[in-house]
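Asker: structure of the sequence below:
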Amino acid sequence: MAAFAGPKDWGRLLTAMVTPFSADGSVDLSEARRIARFLIDEQANDGLVVSGTTGESPTLTHREKLDLLGAVLEEVGDRCAVVFGAGTYDTAESVQLAREAERAGAHGIMVVNPYYNKPGQRGLEAHFRAVADATALPVMLYNIQGRTSINLETPTLLRLAEVCNIVAVKEASGNLPQISDVCGSVPPGFRVYSGDDGLTLPVLSLGGHGVVSVAGHVAGRSIRAMIQSFFDNDPAAARRLHHETMPVVKALFHAPSPVPVKYALSRLGFACENVRLPLVPLTEQEKAVVDRALADLGW
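Answerer: Numbers count the residues shown, from 1 in each chain. As a prediction, the model looks like this:
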């Protein structure tokens, strides 16, 4: 298996992969393999994030997360970066998951703000440091106040960026002035990824490196072309592709994520529409919104 030593190997387009469930509610590892292949071969992703929010990580057991990681690594881990979502609201569990993911062969760790606890900035920093200290793998921090009730403030992030293996941040605060401060202040080589599909191009313009995407499940090639156009100094093409992908981005977030994107993939032939409570399936009206967006993409 090829080694992915740092963020340069993760690439610019990573998709936070959904977790497929069988009719009995168990994780469908066979279908996870199919989806992983599709995301790399057909949707042009550079890497995958396994067991992130889009993977319904809060309702996955410790064992399910690691089994999912193992299946994806075995299927595509020699062709792309596989980053593992080790973050929980429990520092000890996050540390254990990071260690086990490293032993399993993950190429990186993503650690979300600890949700529900609201630990404050000192606690947040201590949490991230503890997880980073537990592994030699490169670590991506994941800042998403809307799901965690706490914001990773820029001064805290800059202190964490001094830790040798904390090498990136997924910025999903939605706060462009803050993201601008981050992009302008982090040390050279530290990568800022957009955590919102709709803000990918603005974040790139501020100095961002790429995106950890949801829409990359179905619009990966367009998103990749947009990113490439930006770095090829073709802003007109990048803007055009941004506007072309926005309808599907809006459709995939018009109901609680990842329910819409799992339905979208089911329309493409994958057995992954099932979600775990407290998430519930789309209504027929909500499905119609996704169907229209897929039709606009040419599916």
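
Asker: sketch out the low-pLDDT regions of the protein for me.
Answerer: For the chain, the stretches flagged by pLDDT under 70 are 1-8.

Asker: in it, which spans are strands?
Answerer: Shown for the chain, the strands assigned by DSSP state E span residues 13-16, 47-50, 81-85, 108-112, 139-143, 166-171, 191-194, 210-213.

Asker: show residues contacting the longest one.
Answerer: The set of residues that contact strand 166-171 without belonging to it, under C-beta atoms under 8 Å, 6 or more residues apart in numbering, is 6-7, 10, 110, 128, 132, 138-144, 152, 157, 160, 178-179, 182, 186, 189-195, 203, 208-209, 212. Every C-beta, even on glycine, is put in place using the N, C-alpha and C of the backbone.

Asker: switch the cut-off to 6 Å
Answerer: Residues outside strand 166-171 that contact it (C-beta atoms under 6 Å, 6 or more residues apart in numbering) are 7, 132, 138-143, 160, 179, 191-193, 195, 212.

Asker: same check, this time on the fourth one
Answerer: Under the criterion C-beta under 6 Å, 6+ apart, residues 49, 83-87, 98, 131, 135, 137-142 lie in contact with strand 108-112.

Asker: strand 139-143 and that strand, what's the angle between them?
Answerer: Computed by axes from the mean of the first three to the mean of the last three C-alpha atoms, to 10 degrees, the angle separating strand 108-112 from strand 139-143 equals 20 degrees.

Asker: I'd like the strands of the chain as TSV, with mean neighbour count appended.
Answerer: Shown next, in TSV, are the strands of the chain (neighbours: other C-beta atoms under 10 Å):
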stretch	mean neighbour count
strand 13-16	28
strand 47-50	28
strand 81-85	29
strand 108-112	27
strand 139-143	27
strand 166-171	26
strand 191-194	23
strand 210-213	29
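
Asker: need those strands in JSON lines (columns: distance to residue 295).
Answerer: Listed next are the strands of the chain as JSON lines, based on distance: least, C-beta to C-beta, whole Å:
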{"stretch": "strand 13-16", "distance to residue 295": "21"}
{"stretch": "strand 47-50", "distance to residue 295": "26"}
{"stretch": "strand 81-85", "distance to residue 295": "32"}
{"stretch": "strand 108-112", "distance to residue 295": "33"}
{"stretch": "strand 139-143", "distance to residue 295": "32"}
{"stretch": "strand 166-171", "distance to residue 295": "30"}
{"stretch": "strand 191-194", "distance to residue 295": "26"}
{"stretch": "strand 210-213", "distance to residue 295": "21"}
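
Asker: tell me which of these sits nearest to residue 266.
Answerer: strand 13-16 (16.5 Å; C-beta to C-beta).

Asker: so what secondary structure elements neighbour the closest one?
Answerer: Applying 3 or more C-beta pairs under 6 Å, 6 or more residues apart in numbering; DSSP states H and E, one finds that strand 13-16 contacts strand 47-50, strand 210-213, helix 216-231.

Asker: kindly recompute the last result at 8 Å.
Answerer: Contacts defined by 3 or more C-beta pairs under 8 Å, 6 or more residues apart in numbering; DSSP states H and E place strand 13-16 against strand 47-50, strand 81-85, strand 210-213, helix 216-231.

Asker: want to throw those into CSV with distance to residue 60?
Answerer: As requested, the helices and strands packed on strand 13-16 are exported to CSV (distance: least, C-beta to C-beta, whole Å):
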stretch, distance to residue 60
strand 47-50, 10
strand 81-85, 9
strand 210-213, 18
helix 216-231, 18
